[in-house]
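> Next input, structure requested:
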Amino acid sequence: MSIPSQQQRPTVLRASSTLGRLSPMSIVRIGTLVASSIGFVFLCNSYKAMMESNWGQPTNRILTPNEREETPLPPPSSSFSSSKQFLPRIFAIYFPQFHPDPLNDRLWGINFTDWDNLRKSPPTNKLGYRIPRPLSSSPLGYYDLRSKETRKLQGELASRYGIDGFIYHTYWFYDPSFDPSQPQPVLHQSLMEMIKDGHPEQPFFFNWCAVTWVNVWMGRPIFQSKDATINKNNALTLQIQYFNATFEMVQTHYSWLSQFFKLDNYVKIRGEPVFFVYQYTPEMNHILEKLRKCAILDGYTGLYIIMGRGSPPEHVKDMKEIVGYQLKKLQTLDVMPDGDLINQTMTYPYPSANFDNLSLPRWCQSVPVENERSGGYDATKLGEPAPSYPQFGRNKPEIYALPVTFDNTPRREFKNANQWNYGDPDHVVQKFRTSLEILLTFDSCCWRSNLYTPQRNQFSRARSESLSGIGRDDQERFVVINAWNEWAEGMMLEPSDVFEYRFLETVRDVKKQVTENQCRGPFLLGNHSR
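Numbers count the residues shown, from 1 in each chain. This next block holds a predicted model:
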């Protein structure tokens, strides 16, 4: 399933053959330099040994096409301090559909999983491009997420390519018709297995997908009849999401969540477990309030709630491009509740025109400035006022997110399937690379005073201050990728027969590039800087 670790080349120091011809002072200087070099090598080797023993890297790891070119990345952490990390953490949304579940058994037949949709899909989509399937040379294949070995391999793959953590979809419907003696969650068996065996070891938090399931998939549920309930779009209702929950019902939900909150690798921000919600509806407010109360009763200072909203990442997207249907679908910040119910928002990465043609704003350029806190912004040169960051709740900047690519042919009738960022693999990977570079650069440089300025010939390290004066804590900084493994919608970082390891390699390479650049700018990312 895996191969031995790559061997590191030993570092060798060679003395000069002309040493005897040098003056005593030169010999002293060379001796000092050699001692410093030896000390540096010892420090590097000590750090390497520490990382190998404490990082959690396995002794055997996954074979990849670029084995010899891979570069070690910093270890992930589930509880960052405000230690001025340069990059935000990159988390990938993780889809749990790959094991049998009683609800899917009822809807689609015994032992149905999303692999069934992928297996029966045609070789190509309506555009004539291949539909990705698991790479045959990858040890993952068509896996069952109840398998410890599968989840362990996923963790190794994520660590190797710089994915700092996962966001797991969870489903809790508050359905009064469910058997009270049975657990409310669905598609959760892999999570229960993770508690038992600890894999994957990545930091993680949950996404509560609090939405009604409707049948827009290819095929017909086994219970469908002519008089079945349909919505306004003629989609059959499969499972209703209820919000009429009593405190006792919420306590049951929290009791299930709390077993994960107690894990060391469950992400917490200032001691509060992070709880992400897929999209907002006012009906859920009282449930979120009750969940937070339960967390406080459980000994936490609170529950850190991140709310998804259907909107593009506004500072890196020309909003004039959002028109028609997409404009009507936008969830603006003013629809969110006032007060402290929500700690932070995320522009949820729905594959759509919202994420086309991302670009860095003109004010985020490396122009000479004197002000330490300006982050490179100079209104007199660019003629633009400093924009205010999208704010919500406790004045926290939004989390920006990005889809990889999208093709839902496996779940739709062939002619009705949708594609986004789909076509020639080189073009698809390049668009993902450019967009990811923009998001990482924006978060690391545009709203933090890191930009290189020629007058100072140095870097400002006042990273806790943003351009607009909103305090930023590294614990709250994420870039989210959709998705790790949503195979039936073509959104996967995992190796495929179409893209191989290229999406993962892109994450690794872009993190390295943005880190090495250190905000020097100007950030002319192809033709995407505006």
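> For residue 442, give me its contacts.
Counting by C-beta atoms under 8 Å, 6 or more residues apart in numbering, residue 442 makes contact with 315, 316, 360, 364, 400. For glycine as for every other residue, the C-beta is placed from the backbone atoms N, C-alpha and C.
> give me that answer again for 6 Å
Neighbour list for residue 442: residue 316 [criterion: C-beta atoms under 6 Å, 6 or more residues apart in numbering].
> That one in helix, strand or coil?
At residue 442 the chain is in helix, as set by DSSP: H, G, I helix; E, B strand; the rest coil.
> The stretch 201-350 of the chain: strands as residue ranges?
204-208, 213-215, 236-239, 268-269, 272-277, 304-309, 344-347 (DSSP state E, counting those that start in this stretch).
> Can you add mean pLDDT and distance to residue 335 and give those strands back as TSV?
Listed next are the strands of the stretch 201-350 of the chain as TSV, based on pLDDT from 0 to 100; distance: least, C-beta to C-beta, whole Å:
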stretch	mean pLDDT	distance to residue 335
strand 204-208	98	18
strand 213-215	81	22
strand 236-239	83	24
strand 268-269	97	24
strand 272-277	98	14
strand 304-309	94	8
strand 344-347	91	11
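> Figure out which of the ones you listed is closest to residue 170.
Evaluated over the strands of the stretch 201-350 of the chain, closeness to residue 170 peaks at strand 204-208, with 4.8 Å, by C-beta to C-beta.
> Reformat the strands of the stretch 201-350 of the chain as TSV; add distance to residue 496 and mean neighbour count.
Below are the strands of the stretch 201-350 of the chain laid out as TSV (distance: least, C-beta to C-beta, whole Å; neighbours: other C-beta atoms under 10 Å):
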stretch	distance to residue 496	mean neighbour count
strand 204-208	23	23
strand 213-215	26	18
strand 236-239	28	17
strand 268-269	33	20
strand 272-277	26	24
strand 304-309	26	23
strand 344-347	26	23
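> Make TSV out of these and add distance to residue 353.
Output for these, formatted as TSV (distance: least, C-beta to C-beta, whole Å):
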stretch	distance to residue 353
strand 204-208	23
strand 213-215	23
strand 236-239	28
strand 268-269	32
strand 272-277	24
strand 304-309	16
strand 344-347	13
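> Out of these, which is closest to residue 435?
When the strands of the stretch 201-350 of the chain are ranked by proximity to residue 435 (C-beta to C-beta), strand 344-347 comes first, at 12.6 Å.
> Now do that closest one: which elements does it pack against?
With contacts defined as 3 or more C-beta pairs under 6 Å, 6 or more residues apart in numbering; DSSP states H and E, strand 344-347 has these neighbours: strand 304-309, strand 400-403.
> what residue ranges in the stretch 1-150 of the chain score low on pLDDT?
1-84 (pLDDT under 70).
> let's see 50
1-22, 24-65, 67-71, 73-77, 79-83 (pLDDT under 50).
> do the same with the stretch 201-350 of the chain
In the stretch 201-350 of the chain (pLDDT under 50), the answer is 218-228, 230, 232-233.
> Helices of that one, start to end?
Per DSSP state H, counting those that start in this stretch, the stretch 201-350 of the chain carries helices over the ranges 247-261, 285-297, 324-329.
> now the ones you listed in CSV, with mean neighbour count?
Putting the helices of the stretch 201-350 of the chain into CSV (neighbours: other C-beta atoms under 10 Å) gives the following:
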stretch, mean neighbour count
helix 247-261, 17
helix 285-297, 18
helix 324-329, 11
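> Distance to residue 185 for the ones you listed - can I get that in CSV?
Compiled in CSV, the helices of the stretch 201-350 of the chain are given as follows (distance: least, C-beta to C-beta, whole Å):
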stretch, distance to residue 185
helix 247-261, 6
helix 285-297, 14
helix 324-329, 29
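> Quick one: closest of the ones you listed to residue 484.
That would be helix 247-261 among these, by C-beta to C-beta, at 17.7 Å.
> where exactly do the helices run in the stretch 401-530 of the chain?
Using DSSP H, counting those that start in this stretch, helices in the stretch 401-530 of the chain cover 425-441, 502-517.
> among those helices, which is nearest residue 287?
Once the helices of the stretch 401-530 of the chain are compared by C-beta to C-beta, helix 425-441 is nearest, at 30.9 Å.
> Pull out the CA atoms of that closest one and give them to me as PDB.
Listed next in PDB are the C-alpha coordinates belonging to helix 425-441 (Å, rounded to 0.1, in the frame of the first residue of the first chain):
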ATOM      1  CA  PRO A 425      -6.800  19.200 -17.600                       C
ATOM      2  CA  ASP A 426      -4.000  21.700 -18.000                       C
ATOM      3  CA  HIS A 427      -6.400  24.600 -18.100                       C
ATOM      4  CA  VAL A 428      -8.400  23.300 -15.100                       C
ATOM      5  CA  VAL A 429      -5.300  22.900 -12.900                       C
ATOM      6  CA  GLN A 430      -3.900  26.300 -13.900                       C
ATOM      7  CA  LYS A 431      -7.200  28.100 -13.000                       C
ATOM      8  CA  PHE A 432      -7.200  26.300  -9.700                       C
ATOM      9  CA  ARG A 433      -3.600  27.300  -9.100                       C
ATOM     10  CA  THR A 434      -4.100  31.000 -10.000                       C
ATOM     11  CA  SER A 435      -7.200  31.200  -7.800                       C
ATOM     12  CA  LEU A 436      -5.500  29.500  -4.800                       C
ATOM     13  CA  GLU A 437      -2.500  31.700  -5.100                       C
ATOM     14  CA  ILE A 438      -4.700  34.800  -5.100                       C
ATOM     15  CA  LEU A 439      -6.600  33.700  -2.000                       C
ATOM     16  CA  LEU A 440      -3.400  32.800  -0.100                       C
ATOM     17  CA  THR A 441      -1.700  36.000  -1.100                       C
END
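> other SSEs contacting it?
Short answer (3+ C-beta pairs under 6 Å, 6+ apart): helix 425-441 packs on strand 400-403, helix 502-517.
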